[in-house]
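Asker: The following comprises the amino acid sequence and a computationally predicted model.
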Amino acid sequence: MRLQRERPRARSILIVASLALVGLAVASIAAAGQAPPAVQPAGLQLASFDAAWSLINERFWDPKFGGVDWQAVRDELRPRAAQAASRGELRLILTEMLSRLGQSHFGIIPGGGDDSRGDRLAARTGASATDDSNVAAASADTAFGALACGEDFDERLLAARSSSPTADSGRPGFDAGLVGAEGLVTRVDDAGPAARAGVRTGWRLLRIGDEPLADIERCLGAGIEARARRLLFHELVEDLLDGEPGESVDLAFGAAGTTRSLTLAREIPSDTQTVRFGNLPPMQFRFSAQRLSPPGSVLSVGLLRWNVWMMPLAEAFERAMVDLHDADGIVIDLRANRGGVAGLSPGVAGYFVDAADSLGTLKYRRDELRLRINPRRVTRDGRPLPAYTGPLAILIDQFSASTSEIFGAGMRDLGRARLFGERSAAAALPAVIERLPNGDFLMHALADLERPSGERIEGVGVSPDEEVLPTPEGLEAGRDEVLDRAMAWIVETAGQGVAR
């Protein structure tokens, strides 16, 4: 069995999408310049190790490093770094060093210029010490190779991708994940190839290309904690579905007691906007806003979704709130939203809060920074736009990370929103990305984040007010049970629902 691994270009995007928590942090990424040659002068890997260790030594928010003896880590690993013959070898050593901290938002981003696929190793994104769904592992360029469920399976396979689509990646227009013990289609893009071919939620995904999904389910096994197992299954399926636009992928589904074989094109959705930020590679941004009518009610509910917190969100969100300001309730769907620029979250909160409250506090080693809400009172063209005061529901899942967690937790702690879904990813630290002497990039967190309640998000996550998980029966019936429950709450809260 062979499983396609994520490409290094995707890894660089995913790191930024999930950890670009503060606009000024990501803006400080060093200029990339020209890719260094694959063959580098002796001592360059050691200099890069020293630079990475020193940056963390100087800037990690906790001077006690959470109980880790940081000097001892240097003494242990530096001799190995001195022997590293390539950037690929050093990445593994740096990955081990960063893992000792047990925090998210630490990793090595390959800088390009390697001379072989085997040397291109993407380092782990970082793992919370207390959240086993946020584990990551070093990954190769294109393939797992033969997959055997041996003793080393967990070490080789527990690679959780916090990704945002790259600007040049295509998909067949559906998502799949473990629901209960089965791999089911969980979402179908209304205008995508899957929808045009008649694919529906609740179908069992049996095969992607030559890869039987039952083998993935079997290899993951029951010994892995449920959240981690669902996360890993989802990420492996994502990697297999992802590909070049215009390419096709052969798929097999189980539906209504029969097997349906389909060949679907990989496409970039037509509503996708390519966005750039700083020196980062381009990525895909999608935003949608619609007005829904809850069953059995004359009320209207505005539903807003976006996939990543990037700059186009500001203008798109304003347009949506102008159009939906008369809605009886608003639902913000942050499921599978891995984060982005945290500087956008106080502005979004400002549409629902009329005071300069804080969404949380960033705690640096020597200073603190509050994420102050920026209340919106007028539109960009000067029209009055008072704060929206109706019920606000926020949907989250285990893929909601970083800025999505900050926003959801902050709005809940301020008593302004009710959260539905499941516990979030537990990865919310502000980070910077800086270039090392050998041309690779070090991503490292600068501060801890404390939510308004005083609790941490890192390693803990954000728990919803109402836990709601999709069920096979609900998916098969075409229902979104999390959204349905949120809309029912809005009807209950508004107190105006009447039968049609």
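Answerer: That came through fine.
Asker: pLDDT below threshold where in the stretch 351-500 of the chain?
Answerer: By pLDDT under 70, the weakly predicted segments of the stretch 351-500 of the chain are 496-500.
Asker: mind listing the strands for it?
Answerer: Ranges of strands within the stretch 351-500 of the chain are 358-363, 368-372, 392-396, 418-421, 431-435, 441-445, 448-450, 466-467, based on DSSP state E, counting those that start in this stretch.
Asker: same check, this time on the stretch 151-300 of the chain
Answerer: Taking DSSP E, counting those that start in this stretch as the criterion, the stretch 151-300 of the chain carries its strands at 174-179, 182-188, 204-208, 211-212, 248-255, 258-265, 273-275, 283-285, 287-292.
Asker: Point out the most buried one among these.
Answerer: For the strands of the stretch 151-300 of the chain, average neighbour numbers computed from mean count of other CB atoms under 10 Å are highest in strand 283-285, which has a mean of 24. Every C-beta, even on glycine, is put in place using the N, C-alpha and C of the backbone.
Asker: Look at G111 and report its pLDDT.
Answerer: Listed pLDDT for G111 reads 75.
Asker: my guess is it contacts I433, does it?
Answerer: No: in this structure, G111 is not within contact of I433 by CB atoms under 8 Å, at 10.8 Å.
Asker: ok, back up a step: which among the strands of the stretch 151-300 of the chain is found nearest to Y351?
Answerer: Closest to Y351 of those, according to CB to CB: strand 287-292, at 12.4 Å.
Asker: The closest one: partners in the sheet, and parallel or antiparallel?
Answerer: With DSSP bridges as the test, strand 287-292 is paired with strand 301-306 (antiparallel).
Asker: Can I get the strand it pairs with in CSV, CA atoms only?
Answerer: Only the C-alpha atoms of strand 301-306 are listed here, as CSV (Å, rounded to 0.1, in the frame of the first residue of the first chain):
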residue,chain,number,x,y,z
VAL,A,301,-30.1,33.3,9.8
GLY,A,302,-27.0,34.6,8.2
LEU,A,303,-24.3,32.0,7.6
LEU,A,304,-20.7,33.1,7.1
ARG,A,305,-17.8,30.8,6.2
TRP,A,306,-14.1,31.3,5.2
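Asker: Tell me, how many residues neighbour S345?
Answerer: The tally of other residues near S345 (other CB atoms under 10 Å) stands at 29.
Asker: Helix, strand, or coil at it?
Answerer: helix (DSSP: H, G, I helix; E, B strand; the rest coil).
Asker: Tell me which of the strands of the stretch 151-300 of the chain lies nearest to N438.
Answerer: Here strand 283-285 is closest among the strands of the stretch 151-300 of the chain (CB to CB), at 25.2 Å.
Asker: from the strands of the stretch 351-500 of the chain, which stretch is densest packed?
Answerer: strand 392-396 (a mean of 27).
Asker: angle of that one against strand 301-306?
Answerer: Inter-element angle recorded for strand 392-396 and strand 301-306: 40 degrees (by axes from the mean of the first three to the mean of the last three CA atoms, to 10 degrees).
Asker: thinking again about what came up before, now for G111 and I433: what residues contact both?
Answerer: Residues within reach of G111 and of I433 at once, by CB atoms under 8 Å, 6 or more residues apart in numbering, are F441.
Asker: so can I have TSV of the strands of the stretch 151-300 of the chain showing mean pLDDT?
Answerer: Putting those into TSV (pLDDT from 0 to 100) gives the following:
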stretch	mean pLDDT
strand 174-179	94
strand 182-188	95
strand 204-208	96
strand 211-212	88
strand 248-255	97
strand 258-265	97
strand 273-275	92
strand 283-285	90
strand 287-292	97
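Asker: Could you export the ones you listed as CSV, including distance to G88?
Answerer: Putting the strands of the stretch 151-300 of the chain into CSV (distance: least, CB to CB, whole Å) gives the following:
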stretch, distance to G88
strand 174-179, 32
strand 182-188, 33
strand 204-208, 29
strand 211-212, 27
strand 248-255, 30
strand 258-265, 35
strand 273-275, 30
strand 283-285, 25
strand 287-292, 38
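Asker: Which one, of those, ends up nearest to L90?
Answerer: Smallest distance to L90 across the strands of the stretch 151-300 of the chain (CB to CB): 26.9 Å, for strand 283-285.
Asker: Does that closest one pack against any helices or strands, and if so which?
Answerer: Here strand 283-285 touches helix 8-19, strand 273-275, going by 3 or more CB pairs under 8 Å, 6 or more residues apart in numbering; DSSP states H and E.
Asker: For G459, which of the strands of the stretch 351-500 of the chain is the nearest?
Answerer: Using CB to CB, the strands of the stretch 351-500 of the chain put strand 448-450 closest to G459, at 10.2 Å.
Asker: so which of the strands of the stretch 151-300 of the chain comes closest to V468?
Answerer: Going by CB to CB, the one of the strands of the stretch 151-300 of the chain nearest V468 is strand 174-179, 12.7 Å.
Asker: Give the pairing partners of that closest one; include direction for each.
Answerer: Here, using DSSP bridges, strand 174-179 pairs with strand 182-188 (antiparallel).
Asker: Quick one: residues in contact with the partner strand.
Answerer: Here strand 182-188 has contacts from 173-179, 194-195, 199-205, 213, 216-217, 233, 237, 253, 470, 472, 475, using CB under 8 Å, 6+ apart.
Asker: ok, 7 Å please
Answerer: Residues from elsewhere that reach strand 182-188, judged by CB atoms under 7 Å, 6 or more residues apart in numbering: 173-177, 179, 194-195, 199-205, 213, 217, 233, 470, 472, 475.
Asker: Determine how far it lies from the middle of the whole chain.
Answerer: Computed by CA atoms, centre = their mean, to the nearest Å, the separation of strand 182-188 from the middle of its chain amounts to 19 Å.
Asker: what's the answer for stretch 426-445, then?
Answerer: 16 Å.
Asker: Stretch 471-490 too?
Answerer: Relative to the centre of its chain, stretch 471-490 is centred 23 Å away, using CA atoms, centre = their mean.
Asker: Show me the residue at the heart of this protein, geometrically.
Answerer: R338 (2.3 Å; CA atoms, centre = their mean).
Asker: which of the helices and strands packed on strand 283-285 has the lowest average pLDDT?
Answerer: helix 8-19 (a mean of 31).
Asker: Check the spacing between P282 and P110 real quick.
Answerer: Computed with CB to CB, to the nearest Å, the distance linking P282 and P110 is 18 Å.
Asker: can you check L304 too?
Answerer: 35 Å.
Asker: and what of L446?
Answerer: Counting by CB to CB, the gap from L446 to P110 is 22 Å.
Asker: now R80
Answerer: R80 sits at a distance of 19 Å from P110 (criterion: CB to CB).
Asker: more crowded one of the two?
Answerer: Taking neighbours as other CB under 10 Å, R80 and P110 compare with P110 leading, 23 against 17.
Asker: The more buried one against D440, yeah?
Answerer: Yes: in this structure, P110 is within contact of D440 by CB atoms under 7 Å, at 5.9 Å.
Asker: In the beta-sheet assignment, what are the partners of R418?
Answerer: Bridge pairing for R418 - DSSP bridges - gives A393.
Asker: Need the distance between the two termini of stretch 441-453.
Answerer: End-to-end distance of stretch 441-453: 34 Å, with CA to CA, to the nearest Å as the criterion.
Asker: got it, and stretch 90-106?
Answerer: Taking CA to CA, the first and last residues of stretch 90-106 lie 15 Å apart.
Asker: for that stretch, what is the average pLDDT?
Answerer: Stretch 90-106 shows a mean pLDDT of 91 in the predicted model.
Asker: what separates that stretch from the chain centre, distance-wise?
Answerer: 19 Å.
Asker: Just the buried residues of it, please?
Answerer: In terms of neighbour count (16 or more other CB atoms under 10 Å), stretch 90-106 has its buried residues at 90-106.
Asker: same thing with stretch 462-474?
Answerer: By 16+ other CB under 10 Å, the buried positions in stretch 462-474 come out as 462, 464, 468, 470, 474.
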